[in-house]
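In: 3D, please:
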Amino acid sequence: MKTDITILKANEQYTHLLNDVLSRIKQTHLSTAIGINKQLITLYWSIGKDIETLQADTNWGDGFYHQLSHDLQQACPDNKGFSVRNLQYMAQMYRTFNQVDAITPQPVAQIEMPNVPQPVAQIEKPITPQPVAQNVLDYVSLIPWGHIRYLLDKKLPPQEAFFYVLQTIEHGWSRNMLLNMLDTQLYQRKGQATNNFTLTLPKQDSDYAAEILKDPYHLDFLNLTEDYKEKELQRGLEENISRFLIELGDGWAYAGRQVRLEINGDEYFCDLLFYHLRLHRYIVVELKTGKFEPEFVSKLNLYCSAVDHLFKTELDGETIGLLICKEKNDLVAEWTVEKSQQPIAISRYTLEKMLGEE
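Out: As a prediction, the model looks like this:
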């Protein structure tokens, strides 16, 4: 639907919208030195809210954005943020995040911001409880506008988009890191590993332990031939440990590969050993290049018990076992860990990039 510019310029609602937006722009510019990102996103949110409340693009046609952009840029020639596309982003931002119907307690509110050169790390987190929509805005306004636009381009469901907002705040993601997490579908993978944590860990740890695990793990950074063996998989992860740690997530510390576990003169070697700095627990990782088999858990239980006896201190929690297989039957995995006395999780891995045998 085209817009008659003369009619739009004479429209009382449009005139009120334009004057109101200009007034808010001037007020924002008075205090740009304090929380510039937060004020900018709050301004954009309010403009998007006005556009959505008036259903402007429906009532006045697609020419509305062009006219509003023209009027705002004429009144504010030094401000480059009022292009047609940016105005559409503002409406989309409000439309998306205003649908987030509830804010559940998130670790982001309790974890210090990482020291990274991102605007997100320089703005304080909200503390005072707010009504739902305002609370959502308090979080959204902590990440840069460029990050928000990337999220809006993906056209994600509101709760999923908000998940990435919280993760960006917690981990201080750059735009490239955010794009990487979007491409690897972190939202669908996070917290999906089969586990028995509710049965084997204290309540305060079980939810978080489940949250830090994924299913599947993307190991596409490995260069393996089609007939690779488990030792090659282990060695590839060790050689690419920095990239593997990124895939694992924050808080994981690498403790070694083929770690020797001596039990009354008998030697065993676990594939990979990690320590989680927030859970304060060792995590034994076993890798299997085939399909999950129930007997794999028996050996993993032994390794976890051995680590508890040999390495765990009184400051550490019980060791967690993580079995990562090429394939798994979810029900078989669930029934297997159900009776395990050790906290055990089972995930899959994917390898999309494979080399030829040569």
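In: for the chain, where's the lowest mean pLDDT among helices and strands?
Out: Here the helix or strand of the chain ranked lowest by mean pLDDT, DSSP states H and E is strand 354-355, holding a mean of 46.
In: For the stretch 201-350 of the chain, which segments are assigned as strands?
Out: 217-218, 224-225, 252-263, 266-276, 281-291, 320-327, 344-350 (DSSP state E, counting those that start in this stretch).
In: Throw the ones you listed into a markdown table and include mean pLDDT and mean neighbour count, thanks.
Out: From N, CA and C alone the C-beta is placed, and that goes for glycine too. Below are these laid out as a markdown table (pLDDT from 0 to 100; neighbours: other Cβ atoms under 10 Å):
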| stretch | mean pLDDT | mean neighbour count |
| --- | --- | --- |
| strand 217-218 | 92 | 18 |
| strand 224-225 | 82 | 14 |
| strand 252-263 | 94 | 15 |
| strand 266-276 | 96 | 17 |
| strand 281-291 | 95 | 20 |
| strand 320-327 | 95 | 23 |
| strand 344-350 | 94 | 23 |
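In: To Pro157, which of the ones you listed lies closest?
Out: strand 217-218 (21.6 Å; Cβ to Cβ).
In: what's the spacing between stretch 211-219 and its chain's center?
Out: In terms of Cα atoms, centre = their mean, to the nearest Å, the gap separating the centre of stretch 211-219 from the centre of its chain is 12 Å.
In: residues making contact with that stretch?
Out: Stretch 211-219 is touched from outside by 107, 184, 186, 189-195, 236-237, 244, 247-249, 251, 276, 278-279, 322, 324, 345, 347-352, with contacts defined as Cβ atoms under 8 Å, 6 or more residues apart in numbering.
In: How about stretch 231-250?
Out: Residues from elsewhere that reach stretch 231-250 (Cβ under 8 Å, 6+ apart): 170-171, 212, 214, 217-219, 221-224, 228, 252, 254, 257-258, 271-272, 274, 278, 287, 289.
In: who are the neighbours in contact with Val136?
Out: Counted by Cβ under 8 Å, 6+ apart, Val136 has contacts 97-98, 100, 103, 162.
In: just curious, which of those is nearest to Glu334?
Out: Nearest to Glu334 out of these is Phe162 (Cβ to Cβ; 29.1 Å).
In: Quick check: which element contains the nearest residue to that closest one once chain neighbours are set aside?
Out: Distances taken as Cβ to Cβ, 6 or more residues apart in numbering put Val100 closest to Phe162, at 4.8 Å, once the chain neighbours are dropped. Using DSSP states H and E, Val100 falls within no helix or strand.
In: Quick check: Val100 touching Pro158?
Out: Yes: in this structure, Val100 is within contact of Pro158 by Cβ atoms under 8 Å, at 4.9 Å.
In: if you count what's nearby, which of the two comes out ahead?
Out: Applying other Cβ atoms under 10 Å to Val100 and Pro158 shows that Val100 carries more neighbours, namely 20 against 15.
In: And the pLDDT at the more buried one?
Out: Val100 is assigned 86 on the pLDDT scale.
In: Buried residues, the helix or strand containing Val165. List them.
Out: Per DSSP H and E: Val165 is located in helix 158-171. Applying a neighbour-count criterion of 16 or more other Cβ atoms under 10 Å, one finds 160-171 buried in helix 158-171.
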